[in-house]
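S.K.: Sequence plus the predicted model coming up.
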Amino acid sequence: MKILASLVCLCLGLVLTPNLTNQHLKVYNGEWEGSLTYLNYGDDETLVTLPMRVEAEHSEKGVEFKYFFTEPGGRIEKRTDRFRIKKDKIYYNGYWELESTDIKSLDEWTLELVSEGKDNNRKASFRKIVKVSADEITIKKMVRYDGTDDYFMRNSYVFNR
């Protein structure tokens, strides 16, 4: 009986925790206004906030982003990025491993992603937390340098429409 109950719970858990698909990425489509806040790479202490505008275009390949942000001197910078799901792997400006999901609907979900690499020329572990709703998107990148215990916020994006 315990085995049957465990199997039922496991099956319900699988049904109630859907996988993220390209259909979930449609919520990004359109224009968004917001800001980028980042920890200055020069001193790893100063927080800088820049106004941003984002154009996101969804296709069968994922989402293509065009970011426009205004530097402190008034110069407008443009960057591009992608968010793709390919064979159950997540690529969001590089490959990320999925650590956890909270998917409520196609246009309301949260991901926690992890990766390894370099930050400010130091070996590091990364966490990216992506929270999405129809009206707001927040993306927070956390960094932990090798040999240290704590993560710190490297950057955070907040977009609304």
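M.R.: Looks like it arrived, so ask away.

S.K.: what's across from R84 in the sheet?
M.R.: Taking DSSP bridges as the rule, R84 bridges to Y91.

S.K.: T101 versus that one, what's the distance?
M.R.: R84 sits 16 Å away from T101, going by Cβ to Cβ, to the nearest Å. Using the backbone N, CA and C atoms, a C-beta is placed for each residue, glycine as well.

S.K.: what do you get for W32?
M.R.: Counting by Cβ to Cβ, the gap between W32 and T101 amounts to 22 Å.

S.K.: ok, these two, which is more surrounded?
M.R.: Applying other Cβ atoms under 10 Å to W32 and T101 shows that W32 carries more neighbours, namely 21 against 16.

S.K.: ok so that one is a helix residue?
M.R.: No: looking at W32 with DSSP: H, G, I helix; E, B strand; the rest coil, it is strand, so not inside a helix.

S.K.: Around F152, how many other residues sit close by?
M.R.: 12.

S.K.: all numbers from here: first residue = 34
M.R.: Happy to do that; since the first residue is 34 now, the last one works out to F185.

S.K.: Surely R117 touches E93?
M.R.: No: between R117 and E93 there is no contact under Cβ atoms under 8 Å: 10.2 Å.

S.K.: more neighbours, those two?
M.R.: Neighbour totals were compared for R117 and E93, and R117 leads with 16 against 5 (other Cβ under 10 Å).

S.K.: quick one: pLDDT of the more buried one?
M.R.: Predicted confidence (pLDDT) for R117: 94.

S.K.: now swap in E104 and tell me
M.R.: Looking at E104, its pLDDT stands at 86.

S.K.: For it, give me its contacts.
M.R.: E104 makes contact with L83, E110, according to Cβ atoms under 8 Å, 6 or more residues apart in numbering.

S.K.: hmm, 10 Å instead?
M.R.: Going by Cβ atoms under 10 Å, 6 or more residues apart in numbering, E104 touches V81, L83, E110.

S.K.: Perfect, I'm done here.
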